[in-house]
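Student: Can you look at this prediction? I've put the sequence above it.
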Amino acid sequence: MAYSITFDTDTEIQDRAVLVSLVTDEVKKKGIDPEHSLHELIQLAETAGVEVLDSLSQNLQKPDPKYFIGKGKVDELRMLMEAVEANTAIFDHELSGAQVRHLEERLDAKIIDRTQLILDIFAQRANTREGIIQVELAQLTYLLPRLSGHGSNLSRLGGGIGTRGPGESKLEMDRRHIRGRVDDLKHQLAEISRHRKLYRERRKKSDAVQVALVGYTNAGKSTLLKQLTDADVYIQNQLFATLDPTSRVLELPSGKEVVLTDTVGFIQNLPHDLIAAFRATLEEVNEANLILHVVDASSEMREDQMAVVQKILVELGSSDKPQIVLYNKKDACTPEQLEMLNSGDDHLTISAFDDADLLAIREAIQNTLKGDTINFRIPANRGDLVSLLYRVGEITNQEFEGSDSIYTVLLHKADYEKNGYMLQDYIEL
């Protein structure tokens, strides 16, 4: 029997929501700050276009298997929603299909969880074919085990959060058709991934050094990309303003050019389905020679946000790459916050709108990518090796000895790692 959901696409009622947070022993064990997580949920909801009316929290040893929160708390939530005239409840956690169904019946309202909210924002942000496919795949993967729990939920209000995006028309399909669509989307993503891999290989062959901007969502990555490269990118003070990766050429003080790539922002409890769907995009980080970790230095949860980014880098297999931490938004920091920041060659406190800071970033990139100074003895008839020396570093001195030339070269790490094997036999010890 086909699973059918209908939408009234001409009518989209404003989502008016009460947010719900459950603090369990597991949440405490993980060291998650419930207040910060709830504040972040407010930002997510507002980014999705939801009017946030109120919030409700409860402490329980573990989630209630039927309602997630306690039965008495469900009644309290219902009365609160009636009092403020809310039509949606958004939970700061991932719910099962059964929990959604039971809550929906009890509250007679739309039920959205944190994962679905993030997926909805991504659905609004997707512009490229790859982004649209990635979001639809994540939406359907999320929906498949929850079909029994979203029956009236997805059609209740004729649109709004949880029903938007490229996967919208696919929600009318039954499980069999959804599985078929998921397989088709995975095939399309594999083909896109193959093309992306070929493109990366061409960049490698052209000896392009790659630098990736990573960081917590809304840390200022896109602003930095724009200021450093004059890129025409979408910039807004909101979560997940950037979804599709953007690459631009960045010129360093020496004149050398590198490829600087902006990536999707990270967030705590980023849905695993979303990470899986965007793995091809996030592989840009794996291919980078250097990572610029952009941090919102003014955030009260700065350290926790940095830990989330590092955790995801570990999951991607990129945690061992050279990294420069950019403490951004220094102009928004208090003197106390500035005093707590680390300093050094690989930690810079900056503002994306300060020209001196932008120069310091370029110099830091240049210095990090430079290797040791090495002398090479090159025979006069090996012009090909001399050309290679110019590609892998900066020649700072040249002396002649018989028919050979002694070159002193300040190497560029990434370039030398790619092509330096041809020069190994000519190192002057």
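Tutor: Yep, that arrived. Numbers count the residues shown, from 1 in each chain.
Student: which stretches of the stretch 251-400 of the chain form strands?
Tutor: 257-262, 290-296, 323-328, 347-349, 370-379, 393-401 (DSSP state E, counting those that start in this stretch).
Student: average pLDDT for the third one?
Tutor: This means strand 323-328. Across strand 323-328, the average pLDDT comes to 96.
Student: Let's test this: mean pLDDT of stretch 142-152, rounded?
Tutor: So the average pLDDT for stretch 142-152 ends up being 66.
Student: mind listing the helices for the stretch 101-250 of the chain?
Tutor: Counting by DSSP state H, counting those that start in this stretch, the stretch 101-250 of the chain has helices at residues 114-125, 129-143, 175-205, 221-229.
Student: related to what we said a few turns ago, which among the strands of the stretch 251-400 of the chain is found nearest to K226?
Tutor: Proximity to K226, assessed across these by C-beta to C-beta, is greatest for strand 257-262 (9.0 Å). Placement of C-beta: from N, CA and C, glycine included.
Student: what does the model give T9 for pLDDT?
Tutor: 42.
Student: and F266, how many neighbours does it have?
Tutor: 20 (other C-beta atoms under 10 Å).
Student: how near is I178 to P335?
Tutor: Distance from I178 to P335, counting by C-beta to C-beta, to the nearest Å: 54 Å.
Student: Neighbour count: the two, which is higher?
Tutor: Per other C-beta under 10 Å, whichever of I178 and P335 has more neighbours is I178, with 20 against 6.
Student: quick one: that one and L140 touch, right?
Tutor: Yes. The criterion here is C-beta atoms under 8 Å, and I178 meets it with L140 at 5.4 Å.
Student: on that earlier part again, averaging pLDDT over each of the helices of the stretch 101-250 of the chain, report the lowest-scoring one.
Tutor: Minimum mean pLDDT among these: helix 175-205, a mean of 81.
Student: and it, which residues are buried?
Tutor: Within helix 175-205, the residues that count as buried by 16 or more other C-beta atoms under 10 Å are I178, R181, V182, L185, Q188, L189, I192, R196, R200.
Student: picking up where we left off before, dump the strands of the stretch 251-400 of the chain to TSV, plus mean neighbour count.
Tutor: Putting the strands of the stretch 251-400 of the chain into TSV (neighbours: other C-beta atoms under 10 Å) gives the following:
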stretch	mean neighbour count
strand 257-262	22
strand 290-296	23
strand 323-328	23
strand 347-349	19
strand 370-379	16
strand 393-401	13
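Student: Serialize these to a markdown table and add fields for distance to S222.
Tutor: Converted to a markdown table, those look like this (distance: least, C-beta to C-beta, whole Å):
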| stretch | distance to S222 |
| --- | --- |
| strand 257-262 | 6 |
| strand 290-296 | 10 |
| strand 323-328 | 11 |
| strand 347-349 | 18 |
| strand 370-379 | 27 |
| strand 393-401 | 31 |
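Student: So which residues lie in contact with stretch 331-351, not counting its own?
Tutor: 297-298, 302, 323-330, 353, 357-358, 360-361, 364, 367-368 (C-beta atoms under 8 Å, 6 or more residues apart in numbering).
Student: mean confidence score for that stretch?
Tutor: On average, stretch 331-351 scores 90.
Student: First residue to last residue on stretch 341-357, what's the distance there?
Tutor: End-to-end distance of stretch 341-357 (C-alpha to C-alpha, to the nearest Å): 16 Å.
Student: Quick one: distance of that stretch to the chain centre.
Tutor: 22 Å (C-alpha atoms, centre = their mean, to the nearest Å).
Student: Okay, buried residues for it please.
Tutor: Buried residues in stretch 341-357, counted by 16+ other C-beta under 10 Å: L341, H347, L348, T349, I350, S351, A352, D357.
Student: Same check on stretch 28-42?
Tutor: Quick answer for stretch 28-42 (16+ other C-beta under 10 Å): I32, P34, S37, L38, E40, L41, I42.
Student: avg pLDDT for that stretch?
Tutor: Rounded mean pLDDT across stretch 28-42 is 83.
Student: cool, and stretch 360-371?
Tutor: Here the average pLDDT along stretch 360-371 is 89.
Student: Please give the centre-to-centre distance between that stretch and its chain.
Tutor: 24 Å.
Student: Kindly report the same for stretch 131-138.
Tutor: 15 Å.
Student: follow-up on the earlier one: could I get the buried residues of helix 175-205 as JSON lines with distance to K62?
Tutor: Below are these laid out as JSON lines (distance: C-beta to C-beta, whole Å):
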{"residue": "I178", "distance to K62": "31"}
{"residue": "R181", "distance to K62": "35"}
{"residue": "V182", "distance to K62": "31"}
{"residue": "L185", "distance to K62": "35"}
{"residue": "Q188", "distance to K62": "40"}
{"residue": "L189", "distance to K62": "36"}
{"residue": "I192", "distance to K62": "41"}
{"residue": "R196", "distance to K62": "42"}
{"residue": "R200", "distance to K62": "45"}
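Student: Check these and tell me the two furthest apart.
Tutor: Among the buried residues of helix 175-205, I178 and R200 lie farthest apart (C-beta to C-beta), at 31.7 Å.
Student: coming back round to it: out of the buried residues of helix 175-205, who's nearest E130?
Tutor: Nearest member of the buried residues of helix 175-205 to E130, counting by C-beta to C-beta, is I192, at 5.1 Å.
Student: burial measure for the nearest residue to that closest one once chain neighbours are set aside, as a count.
Tutor: Once flanking residues are discounted, I192 sits nearest to E130: 5.1 Å by C-beta to C-beta, 6 or more residues apart in numbering. Using other C-beta under 10 Å, E130 has 21 other residues around it.
Student: measure E130 to Q58 for me?
Tutor: 40 Å.
Student: who's in contact with Y416?
Tutor: By C-beta under 8 Å, 6+ apart, the neighbours of Y416 are G371, V392, G393.
Student: Next, the residue of the chain most remote from its centre: phi, psi?
Tutor: In the chain, counting by C-alpha atoms, centre = their mean, G402 sits farthest out from the average C-alpha position, at 56.1 Å. As for G402, its main-chain torsions (degrees, to the nearest 10) stand at phi 60, psi -130.
Student: so how far is A380 from it?
Tutor: Distance from G402 to A380, by C-beta to C-beta: 9 Å.
Student: Can you give me the distance of the nearest residue to L44 once chain neighbours are set aside to V20?
Tutor: Spatial nearest neighbour of L44, chain neighbours left out: L117 (5.3 Å); criterion: C-beta to C-beta, 6+ apart. Relative to V20, L117 is positioned 12 Å away (C-beta to C-beta).
Student: Now the common contact residues for those two.
Tutor: Going by C-beta under 8 Å, 6+ apart, residues that sit against L117 and also against V20 are I90.
Student: Many thanks, we can stop here.
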